[in-house]
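K.L.:
got a structure for you, letters missing:
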Ligand SMILES: Nc1ncnc2c1ncn2[C@@H]1O[C@H](COP(=O)(O)OP(=O)(O)OP(=O)(O)O)[C@@H](O)[C@H]1O
């Protein structure tokens, strides 16, 4: 496997292969075979073993918006040209069992928007995000997903990442044997290479990284440690946001980024995410709690139920939820 290909995988999954020993280094990566890389890919997806081989205009809203409460009109200047993600009628099953989890999701995300998905446990939120990044546990059975004007579903996961999709995992995985610094630099350079930018050498990269570390109040000593190894839950979450900051993704999917964070860490992470938001990118957050939305203001809040978005509203929808639970919004 060529180094470049391996880098591609690396950017997507942001983790090296499970067979890497503590003594392994990034320089050993080119020697690792394709087969192992496939295992690694699956492992990055949260599995220990591979399970198989295998527009809107300015006035339109997602279909679910028809059932919405308190919908805030989207910016009148929005147009097809700034649609980042358009999901229509997305259905997906668990690959092995064929159990249907997503039952027709409609969602449109424009540049500059922050979307929050909330919903009871087991409603399908994480599955939706994993399907977007191409998790092999799930098979898409219907619908379309257009990302930056291109069909996302026919792209390999690593290509999805190259094109600017980032997912922060609910439970980030540890990588023995690879330093955070090497890992971040390799990921950064692979993305830069895709964008036609020159790769950053170690010193240049440190200069690029330093302000991002400072933004997250992260101690530089975390750069010398192996990726997520021995990190606390909160430190792992900060590290995920550091990866996002380094990759400068167009669409960041943050799956329960607030879980496990203390009050100060939550503020640091929220500040960092807000600092990364521009008029060109967007964030899709999955959360159970208003506290995150107090710090990262959502343009839209969606409620997912049984594999569908059943309500869309503005930030007040999350407040209603916080105050009265799901029963309070059921009849709105
Ligand atoms: N790989 C899988 N195999 C079997 N069932 C699965 C798989 N992935 C998801 N499910 C089931 O699909 C449903 C939705 O799961 P998902 O993790 O997407 O929910 P969620 O809304 O993110 O929940 P939570 O808020 O608890 O994180 C659950 O019933 C879950 O058990």
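P.N.:
Structure's in. What do you need? Everything numeric here is computed off the predicted structure, so don't read it as measured data. Numbers count the residues shown, from 1 in each chain.
K.L.:
how near is residue 102 to residue 129?
P.N.:
Per Cβ to Cβ, to the nearest Å, residue 102 is found 11 Å from residue 129. Placement of C-beta: from N, CA and C, glycine included.
K.L.:
give me the element residue 252 is part of.
P.N.:
According to DSSP states H and E, residue 252 maps onto strand 251-255.
K.L.:
helices and strands around that strand, which ones?
P.N.:
Applying 3 or more Cβ pairs under 8 Å, 6 or more residues apart in numbering; DSSP states H and E, one finds that strand 251-255 contacts helix 125-133, strand 165-168, helix 233-247, helix 263-276, strand 282-286.
K.L.:
Pull the residues that contact it.
P.N.:
Defining contact as Cβ atoms under 8 Å, 6 or more residues apart in numbering, one finds that strand 251-255 is touched by 84-85, 109, 125-126, 129, 132-133, 147, 164-170, 240, 244, 273, 276, 281-286.
K.L.:
Check those residues one by one and keep those near the ligand.
P.N.:
125-126 (Cβ under 6 Å from any ligand atom).
K.L.:
Below-threshold pLDDT in the protein: ranges please.
P.N.:
By pLDDT under 70, the weakly predicted segments of the chain are 1-80, 331-332.
K.L.:
So which bits of it are right by the ligand?
P.N.:
Counting by Cβ under 6 Å from any ligand atom, the chain sits next to the ligand at 94, 97, 99, 101, 119, 121-127, 137.
K.L.:
Can I get the buried part of those as one ChimeraX selection?
P.N.:
Entered in ChimeraX, the line below selects the buried ones among the residues of the chain next to the ligand, by 16 or more other Cβ atoms under 10 Å:
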select :101,119,123,124,125,126,127,137
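K.L.:
distance between the ends of stretch 240-257?
P.N.:
Start-to-end span of stretch 240-257 (Cα to Cα, to the nearest Å) is 9 Å.
K.L.:
go on, stretch 151-169?
P.N.:
End-to-end distance of stretch 151-169 (Cα to Cα): 23 Å.
K.L.:
quick revisit: hmm, which two among the residues of the chain next to the ligand are most spread apart?
P.N.:
97 and 119 (21.3 Å; Cβ to Cβ).
K.L.:
Tell me where this structure has helices.
P.N.:
Secondary structure of the chain, counting by DSSP state H: helices at 3-13, 34-44, 125-133, 157-162, 180-194, 202-215, 221-224, 233-247, 263-276, 290-295, 315-330.
K.L.:
now those in JSON lines, with distance to residue 304?
P.N.:
Converted to JSON lines, those look like this (distance: least, Cβ to Cβ, whole Å):
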{"stretch": "helix 3-13", "distance to residue 304": "25"}
{"stretch": "helix 34-44", "distance to residue 304": "25"}
{"stretch": "helix 125-133", "distance to residue 304": "5"}
{"stretch": "helix 157-162", "distance to residue 304": "21"}
{"stretch": "helix 180-194", "distance to residue 304": "30"}
{"stretch": "helix 202-215", "distance to residue 304": "31"}
{"stretch": "helix 221-224", "distance to residue 304": "33"}
{"stretch": "helix 233-247", "distance to residue 304": "22"}
{"stretch": "helix 263-276", "distance to residue 304": "21"}
{"stretch": "helix 290-295", "distance to residue 304": "15"}
{"stretch": "helix 315-330", "distance to residue 304": "11"}
